[in-house]
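Asks: fold the following for me, if possible:
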Amino acid sequence: MSRFSNRMMAFTVAAALGAPAAMAQMSQIRLAAGMHLVQAEVASTNETRTQGLMYRTSMGPNQGMLFVFPHDEAHCMWMKNTLIPLVVAFIDAKGQIVSIHEMKPKTETPQCATAPARYALEMNAGWFRTKGILAGTRITGLEKAPAPR
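Replies: Just a heads-up that it's a prediction; the model follows:
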């Protein structure tokens with residue numbers, strides 16, 4: 001299938017699901033939590049941070065999304081228009097997880113970092129728990145993330 005056909009199919013699927021017509025393209029980054037590797041899309045702009053994982057129907061077992069914020073704050077995430085159950089780890093500027101929160105699809109209840117965070121890493125629900133990854137764990141590879149815009 002050609003690149004145009006793939007984009008047209010993605011547009012058609014997004015439109016059928018009620019998603020915004022133009023879904024932003026995101027770069028990818030490889031991260032690690034100890035021996036566990038993650039292939040993450042990077043949301044580093046207002047547009048991509050707002051879009052997040054909305055309207056997705058699945059995500060691979062070691063895939064996720066890294067949100068890069070311009071300031072260290074107690075950022076909050078919610079699941080509006082997000083169809084799959086997720087878990088979010090808030091990560092400080094040094095790469096240490098400050099808190100982890102499980103999130104239910106289609107909810108608007110905010111889940112907030114318990115300390116200032118520079119990043120948020122969303123994975124499939126239960127991912128951190130099943131890997132034994134807790135607050136205090138260091139995430140490596142963040143230095144390769146694009147600067148927030």
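Asks: how many neighbours does the nearest residue to residue 102 once chain neighbours are set aside have?
Replies: In space, residue 102 comes closest to residue 87 once its chain neighbours are excluded; the distance is 5.0 Å by C-beta to C-beta, 6 or more residues apart in numbering. In short, each C-beta sits where N, CA and C put it, glycine included. Neighbours of residue 87 under the rule other C-beta atoms under 10 Å: 21.
Asks: where along the chain do the helices fall?
Replies: Remark: helices assigned in the chain by DSSP state H are 3-16, 46-51, 127-131.
Asks: helices and strands of the protein: which one bottoms out on pLDDT?
Replies: helix 3-16 (a mean of 33; mean pLDDT, DSSP states H and E).
Asks: dig out what the residue nearest to residue 102 forms beta bridges with.
Replies: Note on residue 87: beta-bridge partners residue 102, residue 123, judged by DSSP bridges.
Asks: mind pulling up the pLDDT for it?
Replies: In the predicted model, residue 87 carries a pLDDT score of 98.
Asks: return the distance of the longest strand seen in the chain from the chain's centre.
Replies: Counting by DSSP state E, the longest strand found in the chain is strand 63-73. Relative to the chain's own centre, strand 63-73 is displaced by 8 Å; criterion: C-alpha atoms, centre = their mean, to the nearest Å.
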